[in-house]
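Peer 1: Okay, sequence plus prediction incoming.
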Amino acid sequence: RRRCPPPPPPLPLPSLLPSQSVMTSVFAQAVQRVAATVQPAQQSAALTKIFCSAVKFAGTANVEIQTWTSLKAEMSIANAPHVQNHVGGVHACAMALLGESVTGLLIGYNAPATHLPLLKSMRMDYVKRATGDLKAVATLTEEQVKMIQSTPKGEIVVPVRITDQTGIEPVKAEMTWAWVPNKVQAKV
């Protein structure tokens with residue numbers, strides 16, 4: 001069974017955290033702990049390991065966190081045999097996992113600790129054959145972050161751009177996420 005990937009190249013830890021007036025999410029708390037205890041060159045790998053321990057399928061597929069802030073996240077997946085389709089590219093389900101993971105990272109990072117992020121729907125339009133490794137970039141606006149942090153429950157459409165190693169966008173994707181009060185509090 002495959003686990004989380006080996007450490008990626010050194011990347012800086014983002015400085016943008018949810019507002020101090022909001023109880024920060026479990027993942028945002030983990031980011032703060034990692035920032036205080038892990039060398040900068042290893043922080044992305046440490047957070048990938050934390051993320052993959054919570055999202056087990058992401059660990060199985062070796063999804064990696066590349067960069068993130070409260071407004072933007074980038075994750076990647078290698079075109080390795082365990083995620084390939086019958087023509088040697090990244091499987092459609094692995095592309096969907098990558099899109100879900102990167103958008104879920106942003107929602108989960110910004111949602112208050114008292115709330116649970118839930119994927120409501122995903123739209124995946126496969127338009128071209130993918131070549132090689134994939135990366136996904138998701139973004140939120142400051143207004144969307146404020147809404148996530150201040151609204152008791154709600155939903156938001158998060159666009160995600162998934163590109164292959166040639167820069168082509170083989171899939172057009174968007175994820176609809178909701179956040180609701182969490183009756184059981186998680187611990188990291």
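Peer 2: Yes, it's here. Numbers count the residues shown, from 1 in each chain.
Peer 1: how about the strands in this structure?
Peer 2: Counting by DSSP state E, one finds strands in the chain at the ranges 64-68, 72-77, 115-126, 134-139, 154-164, 171-181.
Peer 1: wait, residue 123 sits on residue 171?
Peer 2: No: under the criterion of CB atoms under 8 Å, residue 123 lies out of contact with residue 171, with a separation of 9.9 Å. (Each C-beta comes from the backbone N, C-alpha and C, glycine too.)
Peer 1: before we move on, back to that, Serialize the strands of the chain to JSON lines and add fields for distance to residue 107 and mean neighbour count.
Peer 2: Output for the strands of the chain, formatted as JSON lines (distance: least, CB to CB, whole Å; neighbours: other CB atoms under 10 Å):
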{"stretch": "strand 64-68", "distance to residue 107": "12", "mean neighbour count": "22"}
{"stretch": "strand 72-77", "distance to residue 107": "10", "mean neighbour count": "22"}
{"stretch": "strand 115-126", "distance to residue 107": "4", "mean neighbour count": "15"}
{"stretch": "strand 134-139", "distance to residue 107": "9", "mean neighbour count": "22"}
{"stretch": "strand 154-164", "distance to residue 107": "7", "mean neighbour count": "18"}
{"stretch": "strand 171-181", "distance to residue 107": "4", "mean neighbour count": "19"}
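Peer 1: Show me the one of the ones you listed that comes nearest residue 94.
Peer 2: Closest approach to residue 94 among the strands of the chain is made by strand 72-77 (5.9 Å; CB to CB).
Peer 1: From the contact counts, what lies against that closest one?
Peer 2: Using 3 or more CB pairs under 8 Å, 6 or more residues apart in numbering; DSSP states H and E as the contact test, the elements touching strand 72-77 are strand 64-68, helix 92-110, strand 134-139.
Peer 1: How far off centre is the first one?
Peer 2: Its chain's average C-alpha position is 8 Å from that of strand 64-68, according to CA atoms, centre = their mean, to the nearest Å.
Peer 1: swap in stretch 85-100?
Peer 2: Put simply, stretch 85-100 sits 16 Å off its chain's centre (CA atoms, centre = their mean).
Peer 1: now stretch 135-146
Peer 2: Taking the mean of its C-alpha atoms, stretch 135-146 sits 11 Å from the chain's own mean (CA atoms, centre = their mean).
Peer 1: All good on my end, thank you.
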